[in-house]
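Enquirer: when you get a sec, could you give me coordinates for this:
(one chain, ligands or ions: 3)
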Amino acid sequence: MIVMKFGGSSVATADAIARVAEIVRARLDQRPVVVVSAMGKTTNRLLEIARAASAGQRDHALSLLYELRDFHLAESSMERTVEDHFQELSEIVRGLAVLGELTPRSIDAVSSLGERLSSLIVTRTFQRAGLSAVHADARKLIVTDHRHTHAAPQFEPTYARLAGAIPPLAAHSVVVLGGFIAATPEGVTTTLGRGGSDFTASIVGAGIGAREIQIWTDVDGMLTCDPTVLPGGHRVKRISFAEAAELAYFGAKVLHPATVLPAIDKNIPVLILNSRRPEVPGTLITADPIASSNVIKSIACKKNVTVLNLRSSRMFMAHGFLRSIFEVFDRFETSVDMISTSEVSVSLTLDDASQLTDLTAALSQFAEVTVDRDQAIVCLVGENLKTTPGVGARIFGAVRHINVRMVSQGASSLNLGFVVNGSDLLPAVEALHEEFFHELDPEVFDA
Ligand code: ADP
Ligand code: ASP
Ligand code: MG
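Expert: Ligands and ions are numbered 1, 2, ... in the order given. Sure thing, here's the model as predicted:
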């Protein structure tokens, strides 16, 4: 068995889904299990609908809902199914408008609709294309905790359910299930966080003991830089799990950061492929470190980062300062991406600034706080960073004209990251890309 995951753009239209059917047909002998995202930008639309409804803009929410329904009607031939799902959604929308509040649990009730629907549409399209296909409800297979909107899978019961349900079906049919969506042990719908369909694919792969996990998307693979920042990067042919995880964590959206965990656990190779150019061999991610004459494998970026600078207001009580800080972040369930410290001052970056006002108020109890918005993280990743001398000099030489702050080398020592002003991101990445990818090791990169 192999797992094939198709992202939003790969199933954005009826034509795109028809192409997916052919990609799957060409691999039937490998007994594919297919995981799909919501169609196109559906998840964003659903979240807009939920926000509008709970803000009391009922009519606006409903008009967005009708637009999204019409899109699904036009791109599928499943009128009854589409109507039923949007009927259910319109009831939730009316409820949210009356209550005027949006809980994480209701967000999941709304945002799960995209994958619930796309998985049914893809199954039917496969059947119409003459494939033997069956639908499986991911909410009956993937068990999570109760952290709605970013639920964590409970691997043991999940693997047991997957191993029991999928292989008998996959023996004679292509099993299709929605990514991103799951449920608590009581059966309440949860989601795995934005971009979580990749994670579903690797959970399924680990649960059924797949030979390979394929992530089909809209780029040729992992590229040497983020194409939304700097186009023209080169495809990385091979990369290690550790490198891919660092890149994903620091912004390479092509892979959800948790994707590699189940794959590492069961040592299953992950392949990133382009559904518009299936002939391109993509990027192979495996456990082995990949030797290369290039010290850096890729440059990841995170935009719209907020930096908090904290200075202990009790100068002589530096002891306990860090503990107090982390206690606050824990209380607000806000994660910190990068941190640099000295005895009485600490800078840290957040990419979720939704709780900023409350966070700042709590931190101000024991620290002077200043906030810098619109910052960006640049992170260079490569296993050879560990062992190659002089890389720091090359990095900071390349960006010598740019104001660099908050430098951090991860404990894994296979990444080196720093923060720049948002407006300096492109020139920084351009200079670094030229420095590190001017020459390419043909074993590892596609020129
Ligand atoms: P999907 O809908 O298939 O899950 P995503 O939009 O989540 O696709 O991820 C693919 C996108 O990731 C690409 O279109 C690209 O813009 C972005 N991306 C960011 N960094 C990288 C990188 N280093 N290599 C390739 N793609 C990247
Ligand atoms: N549809 C979800 C999202 O947009 C999950 C995914 O596509 O991976 O975040
Ligand atoms: Mg994605």
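Enquirer: in the stretch 301-447 of the chain, which residue sits nearest ligand 3?
Expert: Across the stretch 301-447 of the chain, no residue is closer to ligand 3 than Lys302, which sits at 15.3 Å (Cβ to the ion). Just so you know, the C-beta spots here come from the backbone N, C-alpha and C atoms, and that holds for glycine as well.
Enquirer: in the sheet, who's paired with that residue?
Expert: Assessed by DSSP bridges, Lys302 has beta-bridge partners Ile377.
Enquirer: and it, what's its pLDDT?
Expert: According to the prediction, Lys302 has pLDDT 95.
Enquirer: list the buried residues of stretch 100-116.
Expert: Judged by neighbour count using 16 or more other Cβ atoms under 10 Å, the buried positions of stretch 100-116 are 102, 106-116.
Enquirer: could you dump those to TSV with pLDDT, distance to Thr228 and secondary structure?
Expert: Conversion of the buried residues of stretch 100-116 to TSV gives the following (pLDDT from 0 to 100; distance: Cβ to Cβ, whole Å; DSSP: H, G, I helix; E, B strand; the rest coil):
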residue	pLDDT	distance to Thr228	secondary structure
Leu102	95	28	coil
Ser106	97	31	helix
Ile107	98	25	helix
Asp108	98	27	helix
Ala109	98	30	helix
Val110	98	27	helix
Ser111	98	23	helix
Ser112	98	27	coil
Leu113	98	27	helix
Gly114	98	22	helix
Glu115	98	24	helix
Arg116	98	29	helix
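Enquirer: any idea which element Ala53 lies in?
Expert: Counting by DSSP states H and E, the element that carries Ala53 is helix 42-54.
Enquirer: roughly how far out does the very next helix or strand once past that helix sit from the chain middle?
Expert: Using DSSP H and E, the helix or strand that follows helix 42-54 towards the C-terminus is helix 58-74. Between the mean C-alpha point of helix 58-74 and the mean C-alpha point of its chain there is a distance of 26 Å (Cα atoms, centre = their mean, to the nearest Å).
Enquirer: which positions in the protein make contact with ligand 3?
Expert: 7, 195 (Cβ under 5 Å from the ion).
Enquirer: partner residues bridging Ser347?
Expert: The residues listed as beta-bridge partners of Ser347 by DSSP bridges are Asn309, Ser340.
Enquirer: tell me the contacts of it?
Expert: 307-310, 339-341, 405-406 (Cβ atoms under 8 Å, 6 or more residues apart in numbering).
Enquirer: strands of the stretch 101-250 of the chain, residue ranges please.
Expert: According to DSSP state E, counting those that start in this stretch, the stretch 101-250 of the chain carries its strands in the segments 133-136, 174-178, 181-183, 189-191, 212-217, 235-236, 238-240.
Enquirer: for the first one, name the packing helices and strands.
Expert: Helices and strands touching strand 133-136, by 3 or more Cβ pairs under 8 Å, 6 or more residues apart in numbering; DSSP states H and E, are helix 113-128, helix 155-170, strand 174-178.
Enquirer: what distance do you get for Ser77 to Ala109?
Expert: Using Cβ to Cβ, to the nearest Å, Ser77 is found at 26 Å from Ala109.
Enquirer: give me the contact list for the helix or strand Asp330 falls within.
Expert: Remark: Asp330 resides in helix 321-331, with elements defined by DSSP H and E. Outside of helix 321-331, the residues that reach it under the criterion Cβ under 8 Å, 6+ apart are 310, 312, 335-336, 341, 344, 346, 348, 359, 362-363, 366-367.
Enquirer: give me that answer again for 6 Å
Expert: The set of residues that contact helix 321-331 without belonging to it, under Cβ atoms under 6 Å, 6 or more residues apart in numbering, is 312, 336, 362-363, 366.
Enquirer: now, of these, which are buried?
Expert: Buried residues within the contacts of helix 321-331, counting neighbours by 16+ other Cβ under 10 Å: 312, 362-363, 366.
Enquirer: among these, name the least confidently predicted one.
Expert: Lowest pLDDT within the buried ones among the contacts of helix 321-331 is found at Ser312 (85).
Enquirer: what about it, distance to ligand 2?
Expert: 39 Å (Cβ to the nearest ligand atom, to the nearest Å).
Enquirer: so what does the closest residue to that residue other than its chain neighbours look like in phi/psi?
Expert: The shortest distance from Ser312 to any non-neighbouring residue, by Cβ to Cβ, 6 or more residues apart in numbering, is to Val344 (4.4 Å). Main-chain dihedrals, Val344, degrees, to the nearest 10: phi -120, psi 0.
Enquirer: among the contacts of helix 321-331, which one lies nearest to Ile213?
Expert: Val336 (29.3 Å; Cβ to Cβ).
Enquirer: and Leu192, how many residues sit next to it?
Expert: Taking other Cβ atoms under 10 Å as the criterion, the count of residues near Leu192 is 27.
Enquirer: list the contacts of it.
Expert: Contact partners of Leu192, counting by Cβ under 6 Å, 6+ apart, are 151, 180, 199.
Enquirer: let's go with 7 Å and repeat that
Expert: For Leu192, the residues meeting the contact criterion (Cβ atoms under 7 Å, 6 or more residues apart in numbering) are 151, 180, 182, 199-200.
Enquirer: can you check Glu75 too?
Expert: Counting by Cβ under 7 Å, 6+ apart, Glu75 touches 13-14, 39.
Enquirer: going by distance to ligand 2, which of those wins?
Expert: Using Cβ to the nearest ligand atom, the shortest approach to ligand 2 within these belongs to Met39, at 9.1 Å.
Enquirer: chain neighbours aside, what residue packs nearest to the closest one?
Expert: By the measure of Cβ to Cβ, 6+ apart, the closest residue to Met39 outside its immediate chain neighbours is Ser118, 4.9 Å from it.
Enquirer: so which bits of the stretch 51-200 of the chain are right by ligand 1?
Expert: By Cβ under 6 Å from any ligand atom, the part of the stretch 51-200 of the chain that sits against ligand 1 consists of Gly195.
Enquirer: and the stretch 51-200 of the chain, which residues reach ligand 2?
Expert: In this structure, the stretch 51-200 of the chain approaches ligand 2 at residues 114, 179-180, 194-198, judged by Cβ under 6 Å from any ligand atom.
Enquirer: just the buried ones from those?
Expert: Counted by 16+ other Cβ under 10 Å, these give 114, 179-180, 195-198 as buried.
Enquirer: residues contacting the residue lying closest to Trp216 once chain neighbours are set aside?
Expert: The spatially closest residue to Trp216, leaving aside those adjacent along the chain, is Ser275, at 4.4 Å (Cβ to Cβ, 6+ apart). Under the criterion of Cβ under 7 Å, 6+ apart, the contact partners of Ser275 comprise 6, 10, 19-20, 23, 216-217.
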